[in-house]
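# need a 3D model of the following:
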Amino acid sequence: MFYRLLCLFSLLFFADALLAQEVTFNSDIAPIIHKNCTPCHRSGEAAPFELITYNDVAKRASFIKEVVTTGYMPPWKPDPHYTEFANERKLSAADINLIRKWVDAKAPEGKGKAPKPPVFIAGTQYNRKPDLVLSIDKPYLVKGDNQERFLVFKIPFELADSMNVEAIEFVSSNKQTIHHANFAFHPVEEDIDIKTPAPFVNLTEDSRTNYDQYLPFKKKMTYYGGWIPGTTYESYPKDMGWVMPKRGVVLLTIHYAPIAKDDDNLSSINVFFKKTPIKRPVKVISIGSGGIGEKEIDPFFFIPAGQVKTFKVKVTTPVMDQSLMYVWPHMHLLGKSFRAYAVTPTGDTIKLVSIPDWDFRWQEIYRFKNLVKIPEKSVLIVEGTYDNTANNPDNPNNPPKMVFSSGDMKSTDEMMTLLMVFLPYQPGDETLEL
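Prediction:
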């Protein structure tokens with residue numbers, strides 16, 4: 001009798017232990033989803049469906065297990081063994097194991113209420129409402145005729161005073177219709193009318209001479225930014241940033257991708273101001289196609305049909321030590337791998353970014369954990385490999401055609417570009433956490 005009671009007690013204890021170890025949505029999975037998935041998988045963002053509630057997640061449980069196990073999601077392309085970044089979006093091995101256990105156990109919801117999802121602010125991925133929203137004049141009708149279009153929108157602004165910028169962000173009613181967007185902030189003198197010229201210029205279907213009306217605005221440029229698929233926002237910590245002029249024009253260039261259905265697209269730039277002074281202004285530079293060193297790309301930048309080809313560009317830094325904050329690689333659909341590094345005058349190599357498996361759909365502004373010192377007279381090296389064969393499933397041409405880089409930057413053309421956000425070096429920058 002005693003032996004039976006002992007066995008029963010052991011079974012009950014073992015069952016309680018198993019129950020305590022059960023992985024449930026409410027206790028284990030919801031925090032992982034809300035932190036790593038919900039920011040993009042919610043209304044108004046680029047992801048195709050929501051991942052917020054238990055039902056949202058449970059009905060796609062097997063799919064979620066597959067994409068996190070293979071590393072396809074969350075999307076993060078840089079090689080972590082080459083360089084680590086502050087905004088890394090990778091799940092830990094423990095998180096992946098929890099998701100696998102949960103799905104294998106038939107995705108139990110668990111007892112009690114699920115944790116409340118994080119509170120997001122509509123229209124932004126930043127942590128607060130923008131102080132200024134610079135929108136195009138009215139929604140632009142993108143025709144669903146599978147044709148690419150390049151438009152430049154003029155957005156005038158007049159503020160009470162110049163403002164210190166903490167962050168900027170490109171937003172759109174439908175980012176899936178956009179190949180990329182660039183925006184430049186231009187200060188404009190009081191004697192130049194910033195409102196009268198046309199609100200946009202269509203560079204694809206109208207005469208390009210129409211763009212000449214914007215030339216008076218381009219005498220100076222305060223800052224330059226942009227958006228490509230996968231990008232979130234650009235922000236500046238501590239006493240860093242740049243000063244937005246009191247009066248001027250933003251020239252927003254949007255490359256609309258070919259689409260099959262009409263879309264009324266409304267795009268804007270969110271600007272976030274800081275009250276603290278900017279003691280260290282940041283700058284941005286572009287290396288490679290469309291930027292410094294474009295003519296020095298070696299070999300000459302064209303990719304014959306049926307070939308896999310690698311290119312390289314070298315640029316020497318100016319006579320001043322620099323502190324590098326962010327890097328932003330860019331290629332198009334033929335991109336296979338991307339790497340950038342610096343070689344110092346003493347021969348040391350500074351690893352910047354390596355993307356061994358390029359994917360046009362997932363690009364980002366990669367933020368270093370600490371400022372990276374680039375000594376003066378260092379050589380910045382950018383390398384890109386392209387696959388223009390029929391084996392590349394993303395090749396826009398079937399059969400493959402010769403591809404080169406043109407000023408239009410069409411999706412069927414190619415680019416090899418590295419944007420860098422930097423500031424003059426100060427002693428101790430290497431220890432500053434971003």
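
# now the strands for the stretch 201-350 of the chain?
223-227, 234-235, 240-244, 247-256, 263-265, 267-273, 280-281, 283-288, 302-303, 308-316, 322-330, 335-343, 349-355 (DSSP state E, counting those that start in this stretch).

# quick one: closest of these to residue 130.
Closest to residue 130 of these, according to CB to CB: strand 267-273, at 3.7 Å. Quick note: C-beta positions are derived from backbone N, CA and C, even for glycine.

# could you point out the helix or strand that follows the helix or strand harbouring residue 155?
According to DSSP states H and E, residue 155 maps onto strand 149-158. Remark: after strand 149-158, the chain's next helix or strand is strand 163-172, criterion DSSP H and E.

# pull up the pairing partners for that next one, direction included.
As defined by DSSP bridges, the strand partners of strand 163-172 come to strand 234-235 (antiparallel), strand 240-244 (antiparallel), strand 267-273 (antiparallel).

# state the mean pLDDT of the longest one.
When you say that, I think you mean strand 267-273. Mean per-residue pLDDT for strand 267-273: 98.

# how about the CA coordinates for the strand holding residue 155, as CSV?
Provided in CSV are the C-alpha atoms of strand 149-158 (Å, rounded to 0.1, in the frame of the first residue of the first chain):
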residue,chain,number,x,y,z
ARG,A,149,8.6,56.1,-62.2
PHE,A,150,11.0,58.7,-60.7
LEU,A,151,9.5,61.8,-59.1
VAL,A,152,11.0,64.7,-57.2
PHE,A,153,8.6,66.3,-54.7
LYS,A,154,9.2,69.8,-53.3
ILE,A,155,8.3,70.3,-49.7
PRO,A,156,8.7,73.9,-48.5
PHE,A,157,9.1,74.6,-44.7
GLU,A,158,9.3,77.7,-42.6
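
# strands paired with that strand, and their directions?
Sheet partners by DSSP bridges: for strand 149-158, these are strand 200-202 (antiparallel), strand 247-256 (antiparallel).

# now do the helices in the chain.
For the chain, the helices defined by DSSP state H occupy 2-21, 30-36, 54-58, 61-69, 93-104.

# could you say what helices and strands the second one packs with?
For helix 30-36, the elements it packs on are helix 54-58, helix 93-104, judged by 3 or more CB pairs under 8 Å, 6 or more residues apart in numbering; DSSP states H and E.

# tell me how far stretch 37-53 is from the chain's mean position?
16 Å (CA atoms, centre = their mean, to the nearest Å).

# contact partners of that stretch?
33-34, 56-57, 60, 64, 73-74, 114, 117-118, 120, 122-123, 125, 175-176, 229 (CB atoms under 8 Å, 6 or more residues apart in numbering).

# which of the residues you listed are buried?
33-34, 56-57, 60, 64, 73-74, 114, 117, 120, 125, 175, 229 (16 or more other CB atoms under 10 Å).
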